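In: quick one, structure for this:
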Amino acid sequence: MELAGYLASIFVGVVLGLLGGGGSILSIPILVYLFNIEPVLASAYSLFIVGITSFVGAIPKYRQQLVNLRTGILFGIPSIASIFTTRKWIVPAIPDIIWDADGFVLTKRVLILGIFAILMVLASVSMIRGKREINSDQQNFRSLLVVIEGLLIGFLTGLVGAGGGFLIIPALVFLTGLKFKTAVGTSLFIIAINSLSGFMGDIFSSTIDWTFLLSITALAVTGIFIGNIYADKISSTVLRKAFGWLTLVMSVWILVKETLL
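Out: Numbering: from 1, shown residues only. Sure thing, here's the model as predicted:
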């Protein structure tokens, strides 16, 4: 299983390079189910892996002028504060057994992975269905809404340990009017600062296996170079729908795995 996990880690980077998000959709299941790492630590590892990989992937996107720094900063600053607060104080405060009554037990693991999967379902529907792109005269940044969205996604990202690309990209496309490929590049920038900020909330409270973590991260970084090469050769519509279907399939699998199996 571990060999499969190492090979799958490359695909984490490929997905990030192609889609500007979705790395955590793969990294968390890989860490939990292939490496048998408990979900809270896996979420911390995922933040580091996705953060470093996204940072590397954002560099060529920036050179291609596919990163909107204004939107990234406006979105990222409230997200950073929200993520760090969530990882540092809220997640550690959640008990291992949240509810135990009448034969039903709600654990911290099921809560975190369940919320993660439900968010994935909601995000996947918006990307699969798609929406009419905003006309140029409608493309205002709606600063207050973007800040609120950043705070909310920061909280959810901190809670489940996801980079948040599967939430950030729909928000950038449908709230700010960015073209999909610009949203991809901007998402990588936001994910990098969000994820690494979130990881800082865990670095002193978790026992980090740096050899393992850096190995997985190196494989993911290799994958993002592969993803970046092919991203320019595939249409935005195809990428958006592929992103949506990948998210939906993984979310259903996690829900079935955690509640029925």
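
In: all helices for this structure, in order.
Out: Defined through DSSP state H, the helices belonging to the chain, from first to last, are 2-19, 23-29, 39-63, 69-85, 91-93, 108-129, 143-160, 165-171, 180-200, 210-231, 236-259.

In: got a list of contacts for the helix or strand bottoming out on mean pLDDT in the chain?
Out: In the chain, the helix or strand scored least confidently by mean pLDDT, DSSP states H and E is helix 165-171, which has a mean of 74. Contacts with helix 165-171, where a contact means C-beta atoms under 8 Å, 6 or more residues apart in numbering, come from 16, 19-25, 54, 75, 119-120, 123-124, 126-127, 146, 149, 153, 156-157, 180, 183-184, 187-188, 190-191, 243, 247. Yep, even glycine has a C-beta here, placed from its N, CA and C like the rest.

In: centre of the chain to that helix, how far?
Out: The gap between the average C-alpha position of helix 165-171 and the chain average comes to 8 Å, counting by C-alpha atoms, centre = their mean, to the nearest Å.

In: alpha carbons of that helix, as CSV, please.
Out: Listed in CSV are the C-alpha atoms of helix 165-171, where the atom choice follows Å, rounded to 0.1, in the frame of the first residue of the first chain:
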residue,chain,number,x,y,z
GLY,A,165,-8.6,24.9,-4.2
PHE,A,166,-11.9,23.0,-4.8
LEU,A,167,-13.6,25.8,-2.9
ILE,A,168,-11.4,28.7,-4.0
ILE,A,169,-11.7,28.2,-7.8
PRO,A,170,-15.5,28.3,-7.9
ALA,A,171,-15.4,31.4,-5.7
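
In: state the distance from the closest residue to Ser143 other than its chain neighbours to Ser82.
Out: Spatial nearest neighbour of Ser143, chain neighbours left out: Leu74 (6.3 Å); criterion: C-beta to C-beta, 6 or more residues apart in numbering. In this structure, Leu74 and Ser82 are 14 Å apart, going by C-beta to C-beta, to the nearest Å.

In: now the common contact residues for these two.
Out: Common neighbours of Leu74 and Ser82, counting by C-beta under 8 Å, 6+ apart, are Gly150.

In: which one's more surrounded, these two?
Out: Neighbours per residue (other C-beta atoms under 10 Å) separate Leu74 from Ser82, with Ser82 holding more: 24 against 20.

In: how far away is the nearest residue to that one once chain neighbours are set aside from Ile77?
Out: On the basis of C-beta to C-beta, 6+ apart, the spatially nearest residue to Ser82 that is not a chain neighbour turns out to be Gly154, at 2.9 Å. Here the criterion is C-beta to C-beta. By it, Gly154 lies 10 Å from Ile77.

In: among these two, which residue is more densely surrounded?
Out: Of the pair Gly154 and Ile77, Gly154 is the one with more neighbours under other C-beta under 10 Å, namely 28 against 15.

In: what sits against the more buried one?
Out: Residues in contact with Gly154 (C-beta under 8 Å, 6+ apart) are 78-83, 86, 164, 194.

In: pick out the most distant pair among the residues you listed.
Out: The span of the contacts of Gly154, defined through C-beta to C-beta, is set by Ala81 and Gly164 at 14.3 Å.

In: who's more crowded, these two?
Out: When Ala81 is set against Gly164 and neighbours are counted by other C-beta under 10 Å, the residue ahead is Gly164, at 31 against 15.

In: appreciated, that's everything.
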